[in-house]
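J.: What follows is a protein structure lacking sequence information:
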C-alpha cells in the first residue's frame, strides 16, 4: 500500500552508498538498464536484504521541478485553492461563531467542510439538516483535515490539520482566556487588545503563531442586523412597551448574578416601560433555569427565550443586563449600553452596580451617560474593529497562508496530562 510519493531526496549511510554504487554498476554496465527509473535500484537492494525507511515530509512545502516555470512557481508558491476544513463545535454557543466560516468557505468554492458536533453537549444539532456534520471523532480523523477552527478550549491533539483557536468571546478578565494549553498551532485574535497579549505569550512559548483577523460572529451580526426588526416591533406592540431589555448572565456559579438579581429585575419591569427577555447560558445550573422559567410564567412582561442564538436577542434589545460574561463585550460592540452586577473585570467600560437596589436608576442613566458612550467607542476600536463582514474570509486566508509556509501539521506534541484530557473529552481513534 502506497503511503505517499517520493520527493526525490534520500539520506544514505556510507555502507549503503557502497552497496548502491555496486548495484548501479551492475545494472548500467552489465545489464544495460540505463533507461529505467532510479528507484529500481532501491527495489533490487531491498530484495537483497538492505533496509529503506520512509520519512513523512508532508508538513513541508515541496513540488516537482521540470521546467524554468516550475522553478519560478516554487520560488513563489501560491496559496492553496482548497482546504479540507473542520468546524469544531463542542458547545451550542459555538454554532453562530463557526457558521460564517461555513458560509464563506462555500462562497469561495473548492473547500470541503464538515462540522464536528459534540453529542453530549449538543444532543440536537440545530443545523443538522443544513450542513455536513458528524458526532464521530474517528470520522474527523479519517477526513484528514487541513484546518480545524475551534472556538472552545480543547481540540484532540491527534487530529491532523492546523489547529486554530478562534475564541468564544471577549471576556479578557477571565483567567482562562489567557491560558496556553498547547493544543493550537495559531491563534486568530479579535483585535489589538488581544493581539498584543497573545503575541507576548507566543514569544514566550515559541510553538504557536498569532494573526489578527477579527471574530467571525461579527460577520453574522452584520449580515443579520435588521432581520429581527419586525419581530422586535411586534413584541413591543403586543406588550404595549417602548423598550426591550435583555438579561444574559454567565453560568459560572462563582460569577453569576442569577441568585441576586431576580427581585431587582422584577422591580425594573414593574417600574419602567420595558419588556424583559431572559436568555441564560446553556451550561446554567438546572435549579436556576427552573427558577427563572417560573418567573417568566408569572410575569406577563418577562419572556423566557430558549433559542440557542443569544445574538438575535442582543440585536432586538436596547439595554443588556449581565455580570462577568463575554456577552457584555458583544453588546458593547453593537454600540449599546450594558449594566453589570458585581463584575470581576478590572477595566470596566460600562455601568457596574454593586447593590441590586441600584438597577432601576442605572437603567435610566446608562442610556444617556456621555462617558459610557465614549468607553463603548474605545471597546470597538481595541477589542474588535473588524465589523466589515469579512472576518471569515481573513480567517480562511490566514489558514491557507499557514499551510503554505508550514505544511499541514500531523498532530500537536503535548505533555501526558494534556493528552489525557484530550482523550478523556473526545475519546480515542484508530490510526
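T.: Now that the structure is in, tell me what you want to look at. Note that the structure is predicted; figures quoted are calculated from it, not measured. Residues are numbered from 1 along each chain as shown.
J.: if I've got this straight, residue 386 is in a strand?
T.: No - counting by DSSP: H, G, I helix; E, B strand; the rest coil, one finds residue 386 to be coil, located in no strand.
J.: Contact partners for it?
T.: Residues counted as contacts of residue 386 (C-beta atoms under 8 Å, 6 or more residues apart in numbering) are 190-191, 213-215, 218, 394. All C-beta atoms are positioned from the backbone trio N, CA, C, and that covers glycine.
J.: Name the helix or strand of this protein that has the lowest mean pLDDT.
T.: Ranked by mean pLDDT, DSSP states H and E, the weakest helix or strand in the chain is helix 68-75, scoring a mean of 75.
J.: Run the chain-centre distance for that one.
T.: Computed by C-alpha atoms, centre = their mean, to the nearest Å, the chain-centroid distance of helix 68-75 equals 35 Å.
J.: Need the contact partners of it.
T.: Applying C-beta under 8 Å, 6+ apart, the contact partners of helix 68-75 are 63-65.
J.: Of those, which one scores lowest on pLDDT?
T.: In terms of pLDDT, the lowest of the contacts of helix 68-75 is residue 63, showing 71.
J.: Name the nearest residue to it, ignoring sequence neighbours.
T.: residue 74 (5.4 Å; C-beta to C-beta, 6 or more residues apart in numbering).
J.: which sections of the stretch 101-250 of the chain are below the confidence cut-off?
T.: Filtered on pLDDT under 70, the stretch 101-250 of the chain yields the residue ranges 173-175.
J.: Please repeat the previous calculation with a cut-off of 80.
T.: Counting by pLDDT under 80, the ranges of the stretch 101-250 of the chain that qualify are 171-178.
J.: What segments of it are strands?
T.: Ranges of strands within the stretch 101-250 of the chain are 112-117, 133-134, 147-150, 162-165, 186-189, 209-212, 243-247, based on DSSP state E, counting those that start in this stretch.
J.: Direction included, what does the third one pair against?
T.: Partner strands and pairing direction for strand 147-150 (DSSP bridges) are strand 84-89 (parallel), strand 162-165 (parallel).
J.: Among these, which comes closest to residue 205?
T.: Evaluated with C-beta to C-beta, the strands paired with strand 147-150 place strand 162-165 nearest to residue 205, the distance being 12.9 Å.
J.: which residues sit against that closest one?
T.: With C-beta under 8 Å, 6+ apart as the test, strand 162-165 has contacts from 146-150, 155, 183-188, 395, 399, 402-403, 406, 408-409, 412.
J.: for residue 278, which residues make a bridge with it?
T.: When bridges are called by DSSP bridges, residue 278 pairs up with residue 247, residue 304.
J.: So that it lines up with my notes, have the first residue be 635 from now on.
T.: All set: I'll call the first residue 635, so the last point we hit is now residue 912.
J.: neighbours of it, just the number please.
T.: Burial measure for residue 912: 20 neighbouring residues, criterion other C-beta atoms under 10 Å.
J.: Where do the helices of the stretch 785-934 of the chain begin and end?
T.: In order along the chain, the stretch 785-934 of the chain carries the following helices (DSSP state H, counting those that start in this stretch): 826-839, 851-857, 863-873, 892-905, 920-932.
J.: neighbours around the nearest residue to residue 699 once chain neighbours are set aside, how many?
T.: Spatially, and ignoring its direct neighbours in sequence, residue 699 is nearest to residue 705 (5.7 Å; C-beta to C-beta, 6+ apart). Burial of residue 705, expressed as a neighbour count using other C-beta under 10 Å, amounts to 12.
J.: Same check on residue 977?
T.: Summarising burial for residue 977: neighbours were counted as other C-beta under 10 Å, giving 23.
J.: and if you look at residue 738?
T.: 22.
J.: need the contact list for it.
T.: Contact criterion C-beta under 8 Å, 6+ apart gives 853, 1026-1027, 1029-1030 as the residues in contact with residue 738.
J.: Filter those residues down to just the ones in helices.
T.: Where those overlap with helices, as defined by DSSP state H, the overlap consists of 853, 1026-1027, 1029-1030.
J.: What is the nearest of these to residue 968?
T.: Using C-beta to C-beta, residue 853 comes nearest to residue 968 of the ones in helices among the contacts of residue 738, at 14.2 Å.
J.: my read: that closest one touches residue 1023, true?
T.: Yes - using C-beta atoms under 8 Å, residue 853 makes contact with residue 1023 at a distance of 5.2 Å.
J.: Tell me the secondary structure of residue 954, please.
T.: Under three-state DSSP, residue 954 falls in the strand class.
J.: residue contacts, it?
T.: Taking C-beta under 8 Å, 6+ apart, we find residue 954 in contact with 879-882, 948, 961-962, 965, 970-973.
J.: now residue 858
T.: Residues in contact with residue 858, defined by C-beta under 8 Å, 6+ apart, are 945-946, 949.
J.: Restrict those to the buried ones and give me that as a PyMOL selection.
T.: Command for PyMOL, covering only those of the contacts of residue 858 found buried under the criterion 16 or more other C-beta atoms under 10 Å:
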select buried, resi 945+946+949
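J.: for the contacts of residue 858, which one is nearest residue 1054?
T.: Out of those, the member with the shortest distance to residue 1054 (by C-beta to C-beta) is residue 945, at 34.9 Å.
J.: in the stretch 885-1034 of the chain, which segments are predicted with low confidence?
T.: In the predicted model, the stretch 885-1034 of the chain carries pLDDT under 80 at residues 942.
J.: Apply 50 and report the result again.
T.: The model of the stretch 885-1034 of the chain has no residue with pLDDT under 50.
J.: What distance do you get for residue 647 to residue 836?
T.: In this structure, residue 647 lies at 39 Å from residue 836, with C-beta to C-beta, to the nearest Å as the measure.
J.: Looking at those two now, which is surrounded by more residues?
T.: residue 836 (17 against 9).
J.: For the residue nearest to that one when sequence neighbours are not counted, which residues count as its bridge partners?
T.: In space, not counting the residues next to it along the chain, residue 836 is nearest to residue 844; the distance is 5.1 Å by C-beta to C-beta, 6+ apart. Counting by DSSP bridges, residue 844 is bridged to residue 821.
J.: What separation do you get for residue 844 and residue 789?
T.: Applying C-beta to C-beta, one obtains 17 Å for the distance of residue 844 from residue 789.
J.: Looking at these two, which one has more neighbours?
T.: Taking neighbours as other C-beta under 10 Å, residue 844 and residue 789 compare with residue 789 leading, 27 against 19.
J.: Quick check, that one in contact with residue 817.
T.: Yes - checked against C-beta under 8 Å, the pair residue 789 and residue 817 is within contact range at 5.2 Å.
J.: tell me, what's touching those two both at once?
T.: Here residue 789 and residue 817 have 797, 1056 as joint contacts, going by C-beta under 8 Å, 6+ apart.
J.: Check the burial of residue 681 by counting its neighbours.
T.: Number of residues near residue 681 (other C-beta under 10 Å) recorded here: 8.
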